[in-house]
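**Student:** Provide a 3D model corresponding to the input given below.
(chains A and B)
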Amino acid sequence: MKRIRIAAALDASAPMDAVTVMGWARTRRDAKGFSFLEINDGSCLANIQAVVDEQAEGYADLKDIGVGAAVSVTGKLVASPGKGQKWELQAERVALVGGADQETYPLQKKRHSDEFLRGVAHLRPRTNKYGAMFRIRSELAFAIHNFFRGRGFYYVHSPILTGSDCEGAGEMFRVTSLSLDEAQGAKEELRAKDFFGKDAYLTVSGQLSAEMFACSLGNVYTFGPTFRAEHSDTSRHAAEFWMLEPEMAFADITDNMNLAEDLLKYLTEFAMTSCAADLDLFARFVDKELMGNLENILREPFVRLPYAEAVDILKKSGKKFEYPVDFGLDLQSEHERYITEEHFKKPVIVYDYPKGIKAFYMRLNDDNETVAAMDVLVPRIGEIVGGSQREERLDVLETRISELGLGKEEYWWYLDIRRFGSVPHAGFGLGFERLLMLMTGVTNIRDVIPFPRTYRHLEF
RNA sequence: UCCCCGGUAGCUCAACGGCAGAGCGGGUGGCUGUUAACCACUAGGUUGGCGGUUCGAAUCCGUCCCGGGGAGCCA
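**Tutor:** Residues are numbered from 1 along each chain as shown, chains lettered A, B, ... in the order given. All right, here's what the predicted structure looks like:
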């Protein structure tokens, strides 16, 4: 089947003969003796308009070609006399490839609500909005690889199955090969019977793996699915999501902040230039302020704000917050939003958090009170990046582990990297879905994932 | 897990204690180089489930289910 993608056809510089387009009908407008058929094949947002007159082969099939039907049209690509499109396809032959019953096909020739489309997630990429979304998702994934490859980072495939329950980032999904019938008996017996002979989980983070490889290959990143069994039922959480986690050896928290800022600016610029047509849909129909917000990311350096100063700003704001503000307490959503949306009105990197509210592996600062952690806060999303310089001193790390009541044995390999050729290193995690929400103005994570998995929802 | 809002035709919604409606979509016919075309006709409902109050419930109450928003936790 020789065919031309619609994106290529609409981009033609001259008329063409014997062009075949295959795709799904978006709408059909009948006139006496001929019809306009709009076809989309997913290659771009735009449809191609085919003009089918009654002489064309297969004209009789046209009555069965409604919204959603798969069709093949062969003809001449000619300049369109009508308004709204440069090129159109003068059909010589039309064929119905796969019909769609108009009474039961769920998608109509009009706008649907996001809630409704979630119920037909298998069909929603056929809509303009979700087609655009998933093209942008694909493009930005490639942009991430481009960015890191261009800077000499290696892509590490961190494991998805893990035997350590100490990745330290929330509730984990347990993985077992035992059937429900076999899963009876004492814990030790079950472990012995199970596939790995020990407890197994789905990863919640690739960070620990990335640290190991940073301390070998230098600069690396992981980018893949991660899983959290939190009962978080919100528009910003999913049980399965993609996370990007770069890690750099011989790097400190400032290098880390620079990398995060460069990355966000690169991806923003990339989206605006390489996904312009698809992004425009979101700017027009989803978030009127989208382009302004994206330009705001590019325009100026991000604010770099020590946690202690953030607390001062919040205390002096005169704002009534639901949750208390004080040194040593974590910043709540409302606080982060105030700082980035109201006070600075641009991305803010908050760093040097009190050690009590951060993970054990973050590097203890000389003040003995704070750790070299950094969060990038952006308007509308809140925290998009969270990272730190890692504790590279064996004794300090061991003390932190025991302070927090964690078992040293579990971490033997993690500690080994501090035992043998330890170096300062730093990295961060970026939620890919939250990045997509930032880039498109979409406010629900379920609408930036092809088939979202959330608490109590495992459909498709 | 907690708080708030909602569930009525395929979709988006109206009716808010007294005969269940509109727009869009579907079907049929017409018309036009049309642009989410246009015009006419037409089909389509156990008002989320169960129970209660009432002469009478889509409407009030209870409960369960589902959807949305917010919070916590985080990415």
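**Student:** C-alpha only now, for contacts and for neighbours.
**Tutor:** Fine.
**Student:** which SSE is A:Leu298 in?
**Tutor:** Using DSSP states H and E, A:Leu298 sits within helix A:290-299.
**Student:** contact partners of that helix?
**Tutor:** Contacts to helix A:290-299, defined as C-alpha atoms under 8 Å, 6 or more residues apart in numbering, come from residues A:Leu264, A:Lys265, A:Thr268, A:Glu269, A:Phe282, A:Ala283, A:Lys346, A:Pro347, A:Met439, A:Thr440, A:Gly441.
**Student:** again, but for stretch A:322-333
**Tutor:** Taking contacts as C-alpha under 8 Å, 6+ apart, the residues outside stretch A:322-333 that touch it are A:Ala308, A:Val311, A:Leu314, A:Lys315, A:Glu334, A:Pro354, A:Gly356, A:Ile357, A:Gly382.
**Student:** list the buried residues in that stretch.
**Tutor:** Using 16 or more other C-alpha atoms under 10 Å as the test for burial, stretch A:322-333 gives A:Val325, A:Gly328, A:Asp330, A:Leu331.
**Student:** send the alpha carbons of the lowest-mean-pLDDT helix or strand in chain A over as PDB?
**Tutor:** Comparing helices and strands within chain A by mean pLDDT, DSSP states H and E singles out helix A:187-193 as the least confident, with a mean of 85. Presented in PDB, the C-alpha positions along helix A:187-193 are these (Å, rounded to 0.1, in the frame of the first residue of the first chain):
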ATOM      1  CA  LYS A 187       5.400 -15.200  55.200                       C
ATOM      2  CA  GLU A 188       8.700 -16.900  55.000                       C
ATOM      3  CA  GLU A 189       7.300 -19.900  53.200                       C
ATOM      4  CA  LEU A 190       5.600 -17.600  50.700                       C
ATOM      5  CA  ARG A 191       8.800 -15.700  50.000                       C
ATOM      6  CA  ALA A 192      10.700 -19.000  49.400                       C
ATOM      7  CA  LYS A 193       8.000 -20.200  47.000                       C
END
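**Student:** quick one: distance of it to the chain centre.
**Tutor:** Per C-alpha atoms, centre = their mean, to the nearest Å, the displacement of helix A:187-193 from the mean C-alpha position of its chain is 37 Å.
**Student:** so what are the domain limits for chain A?
**Tutor:** In terms of domains, chain A is parsed into A:6-105, A:126-155+A:231-447 (source: automatic domain parsing).
**Student:** and the residue located most distally from the centre of chain A, how far is that from A:Arg93?
**Tutor:** Largest separation from the mean C-alpha position in chain A: A:Gln55, at 48.2 Å (C-alpha atoms, centre = their mean). Using C-alpha to C-alpha, to the nearest Å, one gets 9 Å for the distance from A:Gln55 to A:Arg93.
**Student:** shaky segments in chain A?
**Tutor:** Residues of chain A meeting the criterion pLDDT under 70: A:1, A:165-169.
**Student:** any idea how far the helix holding A:Leu298 is from the chain center?
**Tutor:** 19 Å.
**Student:** any buried residues in it, and which?
**Tutor:** Within helix A:290-299, the residues that qualify as buried by neighbour count (16+ other C-alpha under 10 Å) are A:Leu290, A:Met291, A:Asn293, A:Leu294, A:Asn296, A:Ile297, A:Leu298.
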